[in-house]
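Participant: A predicted structure for the sequence below; I have some questions about it.
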Amino acid sequence: MMSRLWLNRNGTNIAGRLKSWLTRKPGSPACISLVAGYVSVRGLMLIESDVRRALDRGTEVRLLLAVTQDEAIWIRLPDPFTDVADVLRRRLARDVEYLRTELSGIPMVREAQVRLLGLAHLLRRQGFSCRRHESAFVHSKVFVQHGSGLNPAAVIGSANLTLGGLMRNEECGIQTTGAEAQQAVEYATALWNEAVPFDLAGLLEEQFANYPHELVFLRILFEVFGGDVNAEDKLSLAPWQRDGVARALVIAQEYGGALIADDVGVGKTFEAAEIIRRGIYERGERVVVICPANLVPMWERRLAGWNLPADVVSYHSLSRAVQDAMQAGSALPYQLVVLDEAHWLRNPTTWRDALREALASADNPPRVFGLTATPIQNRGQDLVEIVMLLLPKLSVQERRALAERCRRADRLKPEQLHTLHRQLESMLVRRTRPFIKENYPKGMGDASLAFPEQVPKEVRYRLPSRLRTLIRDVLAALDVENADLPQAALTDYHDLAPNETPPPALTMAAYHLQDYKLNGGGGSEVSSFDWTRLIKCMLCKRLESSVAALASTLEAMRSRCAKVLQDLDSGLVYLPAPHHTDREQQQDWWGGMLDGQNLVGPETDETVARQPRTKLVAHSASLFAVSQIREDVGRDIATLTALRDSANDLISVDPKVPVLVDQIARIAAHPDGPKVVIFTGSRVTGEHITNEIMRHVASDPRLALYRNRIASLARLDRPTERQIREITADFAPQAADIAPGAFTCRAPRNRYDLLICTDMLAEGINLQQTAFVIHFDLPWNPMMIGQRAGRADRLGSPYEQISCLSVFPDRGLDAQLHLLNRLYGKINLAAAAVGVPTPIIPGAAVQVRDFTTTVRPQESTADTFPAFDSDVYRAALGTAMRTPGLGDAIRNFPRKAGGVVGNGEVYGFVFCFRINMEPRNKAALCTIFTNGASLVDQSSCLHEARVEDLRSWLKDAASDHANMVKPAGALPGEVLQRLWPALEQARKRVAVLHKIADSESDDQITVITWLALAKPIRQG
């Protein structure tokens, strides 16, 4: 006689007893109820055939699921604050995830999937029903048979309907009949009546449903880019900023740092602040922000306002800070370094060398994040220097490849340039404003802030005859005829004063006296810096700025020449002979001036009057060709004096001023007025236009509203940091970055509507309360044009348009701009550092300036570092993850499920795998075509799987996500028949690519989702 005990031992198991019990004869029970605390798919597969036979003979089968409480909760003392109902809800949800996890572990091969489909079909059969008890924890395991006049039978025990419970675990159950069995039937019936329907078949069918193409593609993107988007933050970041933070942190995890090169005004500072916050409060890191000196107060205020205790150091003080730290025994006492305006590190400088030394000598190198809005293009070695500094974990091979590609960037073939850009894309975060406008539109996700449209406008003024002659004469003195200018520019020059004789070209003798030394020139003790070209640049810039600035610079040059003659009268000649340390300082100063970093020199005539950062050493005049010096310097004095006198006579009739006044009057009457910012690169010009504007405001009724509302930070006397902070805040109080304690006496007030400033304010200052920016002249670095406009053209501006007005003459501009291009292109900064000439481009330490393309957009070339598909994909994924409901649908997308794109014949599959590897898992894509071809390149696979108009779908999903993510029924049988062999082929392809042995591929390579590619069939 068979024992009433059901055990998993001595050659028997509960599964076998249950199979026999389900199909026992004689007679057939009307109902079989199976109550279990937990059910597994593999457990149900063990009894599938027997349940089917029971259904075939007309027996109703009821499956009741439940959940049990964790035993550990009863070990603890009762907690009066524990919400048992909430614990139950969470446990019910967790059990569903357990089932999904088990389903994901079932091999995706034909045999296993056919069995799974068979089980799902069984659970859908008439006569089978499934419920789940959701009002209490149920630990009971009861199997009962009853009805049809048969005596009830019951099995009461410990075994769940799982593979372990039915076959492997030590379980015990007892079979009973009679009154006890009847009581068990009544108990099971009571539980059944308390339970609610549960779609267990639906869980199994999820894997075989035909999900929308868009949802499958987003799940693929989530696997590939999920860590790159939607970072949680505490600073209320905009959507693209959250994505930028996430991406930067992923890059830093890989390389030890990242370059955030987002466009001007999109919030790089906020992204850095969130990274700093995480470093301080989540990682316990000590943080330093290194930035230009004029941005130190801004950073200190913002960090204080965000309650982020971090140090702020200027680039110019970095060398001393590192030296002090080393003397204290710590090369760099920080674990996180943020480099604002990181383009300051492009050129060789003492602060860059100090930073590199400190980073290299640190026992535990800190993470380094750089911020810059400088466009990323194939400009040579400058970009390499930044990347090398920020990404310490970059391999030697990657460094060499990047340096070589950047060195030859202007000669790379399109496919090679594409490879370079791909490499850079993996190392930096770069989103332009057009990209953000297109991919983060207002109203999608939580993107609620918009950018204004920047509208550049040229304002032309007419040059009177006398001024045309002066411009022609200055250009002639700069030897424009021999500057290799384009013919159109030379024609422009000749047309300025065709009937008058120009002055001779300046010899510039006062700036290269070493060339007059007898017997072989200056020697190694003389600075090799090309002062001549630098001074010519200064003069050309003053010519373009204003007549007042031109007159001032001409007088400074004349005074310099007079000083040379005075020294000769004393029997001396002074030559620059920098010591090594002085040479480094000179390198910093000139490098900063040429790159728009050192704005003191360009703003004044200090550079022209003397040679700053240079040690002048007296030499006996007997060593020089004195007569030749006197002749050349004397001729230059005569030319400069005549030009200066002409300029002084024309200051009062400078035609730029009336044009400026007219534009200000228009702005005053404009609906977006009256606030306006005027930029100039010269303090002499700033002083002049400040006085002229105030004079006109006092008498011109069109400008009456500006009376007592004008502020100037461009006068000859440089403003203090406090003055800059207070005046900019009083000009744009709504945009002022004010932290507690920033103003000890008063809060910012709306005191000014017209602000005149130099390029000191072109970086890091928020002036978005104005819709008008006037470029009275060009900045020293033409790339600063965008920085100027970016003070107003910023995230969250209240204006739809920002008008950027540039004031230019009606003629002579081509000659001036092309001459500047030639002069800048020939300056070799490397000579100032090492005393030898080196090529400018490629591999240049100084970026070649191009004024003509700066002021004439139609001549500019397209961005050579375009937004890649991956940037668009990340933006779309970030938006999707922030869309209520849709983000959960992506996260909870059934493992191994997929969909079909197209409605014709299947020609391929795109598979998304997860490779389980240390230190973290990795996504891998593979496309298998039915013709035998395959793709494993991520970009190509994403291209095959892409959605043509994903943005429109996301917009619709934001309002109706529930319907947008519903499957379109079950997968066609043809798709399933082609799917399984294609999957096996793809798995092998990925295993070979990642060097995974066949014996380990099933464990290490997990399929996440897939997309069948079918040819479209036109309807109708």
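Facilitator: Sure thing, it's come through. Numbering: from 1, shown residues only.

Participant: ok, now which ones touch Ala181?
Facilitator: Listed by C-beta atoms under 8 Å, 6 or more residues apart in numbering, the contact set of Ala181 reads Val144, His146, Asn151, Pro152, Ala153, Ala154. Placement of C-beta: from N, CA and C, glycine included.

Participant: For the one helix or strand it maps to, list every residue counted as buried.
Facilitator: With secondary structure defined by DSSP states H and E, Ala181 is part of helix 178-194. Within helix 178-194, the residues that count as buried by 16 or more other C-beta atoms under 10 Å are Ala181, Gln182, Ala184, Val185, Tyr187, Ala188, Leu191, Trp192.

Participant: Look up how far Thr639 lies from the closest residue to Leu643 other than its chain neighbours.
Facilitator: Leaving aside its sequence neighbours, Leu643 sits nearest to Leu554 (C-beta to C-beta, 6 or more residues apart in numbering; 5.1 Å). From Leu554 over to Thr639 the distance is 9 Å, taken as C-beta to C-beta, to the nearest Å.

Participant: So these two - more neighbours on which side?
Facilitator: Higher neighbour count among Leu554 and Thr639: Leu554, with 27 against 23, using other C-beta atoms under 10 Å.

Participant: Assumed that one was part of a helix.
Facilitator: Yes. The assignment for Leu554 (DSSP: H, G, I helix; E, B strand; the rest coil) places it in a helix.

Participant: if I read this right, it contacts Arg644, doesn't it?
Facilitator: Yes. The pair Leu554 / Arg644 is scored as a contact, 3.9 Å apart, by C-beta atoms under 8 Å.

Participant: ok, the very next helix or strand once past the helix holding Ala181: who's next to it in the sheet?
Facilitator: Past helix 178-194, further along toward the C-terminus, the next helix or strand under DSSP H and E is strand 196-197. In the sheet, strand 196-197 lines up against strand 128-132 (antiparallel) (DSSP bridges).

Participant: what's in contact with the strand it pairs with?
Facilitator: Counting by C-beta under 8 Å, 6+ apart, the neighbours of strand 128-132 from elsewhere in the structure are 51, 55, 60-66, 92, 122-123, 192, 195-201.

Participant: How about stretch 928-941?
Facilitator: Stretch 928-941 is contacted from outside by 224, 868-870, 906-911, 923-927, 944, 978, 982, 985-986, 989-990, 993, using C-beta under 8 Å, 6+ apart.

Participant: Return the subset of the residues you listed lying in helices.
Facilitator: Secondary structure of those is defined by DSSP state H; positions in helices are Val224, Asp869, Ser870, Glu944, Arg978, Ala982, Gln985, Ala986, Arg989, Val990, Leu993.

Participant: Pull the contacting residues for the fifth one.
Facilitator: Think Arg978. By C-beta under 8 Å, 6+ apart, the contact list for Arg978 reads Val906, Phe909, Thr930, Ala1012.

Participant: Helix or strand: which one has Val264?
Facilitator: No secondary structure element spans Val264, as it lies outside all helices and strands (assigned by DSSP H and E).

Participant: One more: Ile802?
Facilitator: Per DSSP H and E, Ile802 falls inside strand 801-809.

Participant: so what does that strand touch, helix or strand wise?
Facilitator: For strand 801-809, the helices and strands in contact under the criterion 3 or more C-beta pairs under 8 Å, 6 or more residues apart in numbering; DSSP states H and E are strand 453-461, helix 656-669, strand 772-775, helix 784-790.

Participant: Which among these is found nearest to Asp810?
Facilitator: Distance to Asp810, taken as C-beta to C-beta, is lowest for strand 453-461 among the helices and strands packed on strand 801-809, at 5.0 Å.

Participant: which other helices and strands contact that closest one?
Facilitator: Based on contacts counted as 3+ C-beta pairs under 8 Å, 6+ apart, the elements that strand 453-461 packs against are helix 656-669, strand 801-809.

Participant: Residue ranges in the stretch 351-500 of the chain under the pLDDT threshold?
Facilitator: Counting by pLDDT under 70, the stretch 351-500 of the chain shows low-confidence ranges at 374-382, 407-410, 442-450.

Participant: At which residues are the helices of it located?
Facilitator: Remark: helices of the stretch 351-500 of the chain, listed N- to C-terminal, are 381-390, 396-407, 414-425, 433-439, 465-477, 487-494; assignment by DSSP state H, counting those that start in this stretch.

Participant: Ok, which of these comes nearest Arg666?
Facilitator: When these are ranked by distance to Arg666, counting by C-beta to C-beta, first place goes to helix 465-477 at 23.8 Å.

Participant: which of the ones in helices among the contacts of stretch 928-941 sit farthest apart?
Facilitator: Ser870 and Arg978 (28.9 Å).

Participant: Longest helix in this protein, please.
Facilitator: Identified as the longest helix of the chain according to DSSP H is helix 626-650.

Participant: model confidence over that helix, on average?
Facilitator: Per-region confidence: helix 626-650 scores 96 on mean pLDDT.

Participant: same check, this time on stretch 693-709
Facilitator: Averaging pLDDT along stretch 693-709 yields 96.

Participant: Look up phi and psi at the residue nearest to Val661 when sequence neighbours are not counted.
Facilitator: Leaving out its chain neighbours, the residue that sits closest to Val661 by C-beta to C-beta, 6+ apart is His696, at 4.9 Å. With angles defined as degrees, to the nearest 10, His696 shows backbone torsions of phi -70, psi -40.
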